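*Asks:* the following comprises the amino acid sequence and a computationally predicted model.
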Amino acid sequence: MDMVAMEYKRDDKLKKEDVNMLQVWLKSQPHLPEMTEQEIIWFLKSCYYSNEAAKSTIDKFFTMKTLCPEILRNKDLKQKGLQETINTILYIVLPTEGYALGIARLMDVNAEKFNFHEACRLSDMVMMLDMFKTGTKDGIRCCIDMQGATFGHVARVGIISLKKFVFYFQDALPIRLKSLHFFNSTPVLDTVLTMIKPFLKKEIAEMLYVHKTVKDMQNFVPLECFPSDYGGKATSLAELHEKMKKDVMENGEFFAHLDSQLVDEKKRPGKPKNEMDIFGTDGTFKKLDID
């Protein structure tokens, strides 16, 4: 059974007629790239089956990718910076009995090897590849292990790039975010949160939690769902890292496809969009309307 058929089979709230309506709408939007049926399903499901919300998210997704190539495009696996980051950072999505579990952490704590742009790019690649290979999720809890993070790492984070990625993550990425957790908290975390919080929507800020250790997260995710390094039953972080690297390196064709899906602002009905339309000039985000 192909992935599209599986999506319909395992989710009776997902309706073929709603997907068809979005396919028709897409043809009326000459500025948007072509999408597969599977890709349309990602957005409809992430928007809780609302066609109007899906339309808005689709537009934001492709517009952000087009305007922010430094963090969301150029997924060339031969690129030196990306290859270094694949070895430096782990981001993996694990299945659980409840919501999926996303785990991010440094595998090499040398701050000189940390590239924030490439870290954004890699996390996007992993999340999109997981949807492509395993299908949509009812929700995901994203967990960031702060072990090894230093002020040297924070110094390499550009505030404008951070703003762009936070916007993309909370408003454009086709996932159902259920909670955002930082654990193994260190003094540097206060600085990280000070940087991030001004860009978070209220509903996302209310999903953010800080934990001293992974055990403190058990009210959200059973400990057994975590990698063995944390006392769970999943395989080790080292094995998961090797799996992530293998999956990424074997799917260059998929990433090239993602890179090709861009907005043509010259063809957008109404006024073309630019970064000021999305971010404004006062540090706050503006609503990205669709025509």
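*Replies:* Great, that's in hand. Numbers count the residues shown, from 1 in each chain.
*Asks:* what sits closest to the residue positioned nearest the centre of the chain if chain neighbours are left out?
*Replies:* Nearest to the geometric centre of the chain sits Asp124, at 4.6 Å (Cα atoms, centre = their mean). Nearest non-adjacent residue to Asp124, counting by Cβ to Cβ, 6 or more residues apart in numbering: Leu72, 6.0 Å away. The way it works is simple: take the backbone N, C-alpha and C, and place the C-beta from them, glycine included.
*Asks:* number of nearby residues for that neighbour?
*Replies:* Using other Cβ atoms under 10 Å, Leu72 has 24 neighbouring residues.
*Asks:* any idea how far Lys60 is from it?
*Replies:* Counting by Cβ to Cβ, to the nearest Å, the separation of Leu72 from Lys60 is 12 Å.
*Asks:* next: Ser179.
*Replies:* Relative to Lys60, and taking Cβ to Cβ, Ser179 is found at 22 Å.
*Asks:* please apply the same query to Val24.
*Replies:* In terms of Cβ to Cβ, Val24 sits 20 Å off from Lys60.
*Asks:* tell me which of those two has more neighbours.
*Replies:* Lys60 (20 against 9).
*Asks:* helix or strand: which one has that one?
*Replies:* helix 51-67 (DSSP states H and E).
*Asks:* just the CA trace of the very next helix or strand once past that helix, in PDB.
*Replies:* Beyond helix 51-67 on the C-terminal side, the first helix or strand identified by DSSP H and E is helix 69-72. Output in PDB follows, covering the C-alpha atoms of helix 69-72 (Å, rounded to 0.1, in the frame of the first residue of the first chain):
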ATOM      1  CA  PRO A  69      17.300  30.200   1.400                       C
ATOM      2  CA  GLU A  70      20.000  30.600   4.000                       C
ATOM      3  CA  ILE A  71      18.100  28.400   6.400                       C
ATOM      4  CA  LEU A  72      15.500  26.500   4.500                       C
END
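*Asks:* list the buried residues of helix 69-72.
*Replies:* 70-72 (16 or more other Cβ atoms under 10 Å).
*Asks:* what does the next helix or strand after that helix rub up against?
*Replies:* Downstream of helix 69-72, the first helix or strand assigned by DSSP H and E is helix 80-88. With contact meaning Cβ atoms under 8 Å, 6 or more residues apart in numbering, helix 80-88 is reached by 74-77, 106-108, 110, 113-115, 117-119, 121-122, 244-245, 248-249.
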